[in-house]
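Trainee: I need the structure of the sequence given here:
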Amino acid sequence: MNQNIPLNISPKELNKILEDDSSEKPFIVDVREDNEIAIASFSFSVLHLPLSKAANWSDKIVELLPKDQPVVVICHAGVRSLNFGIWLLEQGIAKSVWNLVGGIDAWSTDVDQSVPRY
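Mentor: Numbers count the residues shown, from 1 in each chain. The predicted model follows:
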């Protein structure tokens, strides 16, 4: 298995982990744009790093992410987050990265229908 490819996690799997008080919580990074967050916010705590503003945060990324916690990356459909996760692994910034398959759109259909689809 390629170590530079994030692991896939489904919305239901992520929700189970986030709601289980006994499990270690992953650190969640949302790479969507501000307008996307305004439409459909994620109901758990996230670090918002819009990819279009990478120049503002990329030099601080090592300090922004935990060193010993799995990172879950989310976006609208799972493509931007996958690419960002690959970058994190290639740069050695995170050791364990998961990509939310289907993104916030799948979260909306599979876990929380109150999250608007766009």
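Trainee: is Asn15 located within a helix, as I assumed?
Mentor: Yes. Under DSSP: H, G, I helix; E, B strand; the rest coil, Asn15 falls within a helix.
Trainee: what does the pLDDT read for it?
Mentor: Note on Asn15: pLDDT of 97.
Trainee: can you count the residues close to it?
Mentor: By other C-beta atoms under 10 Å, 17 other residues sit near Asn15. No exception for glycine: its C-beta is placed from N, CA and C like everyone else's.
Trainee: pretty sure Leu65 contacts Lys95?
Mentor: No. Leu65 is not in contact with Lys95 according to C-beta atoms under 8 Å; the separation is 10.2 Å.
Trainee: leaving out sequence neighbours, find the closest residue to the residue nearest to the spatial centre of the chain.
Mentor: Centroid check for the chain by C-alpha atoms, centre = their mean gives Val73 as the closest residue, at 1.8 Å. Nearest non-adjacent residue to Val73, counting by C-beta to C-beta, 6 or more residues apart in numbering: Ser81, 3.9 Å away.
Trainee: and the pLDDT for the one you found?
Mentor: Listed pLDDT for Ser81 reads 98.
Trainee: correct me if wrong: it contacts Trp98.
Mentor: No. Contact status for Ser81 versus Trp98: not in contact, 9.3 Å apart, counting by C-beta under 8 Å.
Trainee: out of these two, which sits in the more crowded spot?
Mentor: A side-by-side neighbour count of Ser81 and Trp98, using other C-beta under 10 Å, places Ser81 first with 27 against 22.
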